[in-house]
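In: 3D, please:
(one chain, ligands or ions: 1)
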Amino acid sequence: MIQLKGIQKQYGTGAAQVTALKHIDLTVNKGEIFGIIGHSGAGKSTLIRTINLLERPSAGQVLIDGVDMTALGTGRLQEERRTIGMIFQHFNLLTSDTVAENIAFPLRLAGQSKAQVAARVQELIGLVGLDGHGDKYPSQLSGGQKQRVGIARALATNPKVLLCDEATSALDPQTTQSILSLLLSINKELQITIVLITHEMQVIRSICDRVAVIDGGEIVEAGPVTDVFLKPQHPTTQEFVAQVEGNLNESLTVKNYAAGERTMIRITYIGEQTYEPVLFETMSGCNVPFVILQGTVSRLKETPYGQLVLELRGAEPEAIRAVELLRSRGLDVEVLRHG
Ligand SMILES: Nc1ncnc2c1ncn2[C@@H]1O[C@H](COP(=O)(O)OP(=O)(O)OP(=O)(O)O)[C@@H](O)[C@H]1O
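Out: Coordinates of the predicted model:
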């Protein structure tokens, strides 16, 4: 488990001082994939780099499985760091070394024998899907393949935590998805806790269990992805959700329909409900015409969900009855607007 307690970080001094992190309290549970999302300059890189103390906080504690990293001397800190792997946006590979040599690097540093290193490198090359590429140089690889080398190198010493610093931001959407799938399978099969930072909600939606939204050096919203994504509270979170859901295009509503006879509602359903004909069954029983103004059916990690914005057309009492019927079927219904 990772605990950040009262983390603050200032860069520089005097008039030039920048406060990058204000007062961060955060817990990442063992075995989960935790995402931190924020705009450029929000403090994401500073925050993730405080976890392995690449960036030393100005105040606060970083506890990993109860060990206070901020209180360790250089020797013990280096030892603890071996239990935390890290991958980077621009891969940070040694360009004059082959794939196999790059992956071997941390194993050599850890003092392993040639035979041990060779066996482990082969195993890692297979794990990340780079069989046959061991003798190539980074310049001969695609961006996705370079990140696979970065992942293999980060996993070499069997870390319990993997930190991902914008690991897919330099990749195209298809390659991003393949790297995210690899991270998900590593998390599942090796039970490694993953902390990632990103500015893309798609990354959070695909693989994270929980998410924290950072803005101006503060966590403004945090929780399970299903809660934060489906019911974003803070304006910054709402902006990020709109990246993948789109903004509701209200111009789609029929302007000349009688005022007072339009009710806009948002229906959210999650899990098995996604595959049930609840909307059809309910609405065919209450004789309220409706149009769908916006709709998404997708997945949050492995959980199916749907969100539909409907405009009900009819007098208010009928619309209210339809809303009540939908709620009685277990759907989450918000009334966005009457009239
Ligand atoms: N070494 C540094 N010296 C001074 N200021 C810094 C330093 N590193 C970061 N900052 C400042 O701290 C704030 C947070 O930066 P940080 O890089 O953590 O944000 P970020 O969310 O990762 O942004 P990006 O996505 O653009 O990398 C910014 O105002 C940045 O200018």
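
In: Show me which residues of the stretch 101-250 of the chain sit near the ligand.
Out: Counting by C-beta under 6 Å from any ligand atom, the stretch 101-250 of the chain comes close to the ligand at His199. To be clear about C-beta, it is placed using only N, CA and C from the backbone, and glycine gets the same treatment.

In: And the strands in the chain?
Out: Secondary structure of the chain (DSSP state E): strands at 2-11, 18-28, 33-37, 59-64, 67-68, 84-88, 161-165, 193-198, 210-215, 218-224, 262-270, 290-300, 303-313, 332-338.

In: could you dump the last one to PDB, C-alpha only?
Out: The one in question is strand 332-338. Output in PDB follows, covering the C-alpha atoms of strand 332-338 (Å, rounded to 0.1, in the frame of the first residue of the first chain):
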ATOM      1  CA  ASP A 332     -30.300   6.000 -12.000                       C
ATOM      2  CA  VAL A 333     -32.300   8.900 -13.400                       C
ATOM      3  CA  GLU A 334     -31.500  12.600 -13.100                       C
ATOM      4  CA  VAL A 335     -33.900  15.300 -14.300                       C
ATOM      5  CA  LEU A 336     -31.700  17.800 -16.100                       C
ATOM      6  CA  ARG A 337     -34.400  20.200 -17.200                       C
ATOM      7  CA  HIS A 338     -38.200  20.700 -17.200                       C
END
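
In: so what's Gly85 up against?
Out: Going by C-beta atoms under 8 Å, 6 or more residues apart in numbering, Gly85 touches 153-157, 159, 161-163, 192.

In: wait, Asp68
Out: Residues counted as contacts of Asp68 (C-beta under 8 Å, 6+ apart) are 61-62.

In: Could you do Gly314 as well?
Out: Shown in contact with Gly314 (C-beta under 8 Å, 6+ apart): 261, 287-289, 322.

In: make it 6 Å
Out: By C-beta atoms under 6 Å, 6 or more residues apart in numbering, the contact set of Gly314 is Val288.

In: can you give me the helices for the stretch 101-250 of the chain?
Out: For the stretch 101-250 of the chain, the helices defined by DSSP state H, counting those that start in this stretch occupy 114-127, 143-155, 173-190, 201-207, 225-230, 235-245.
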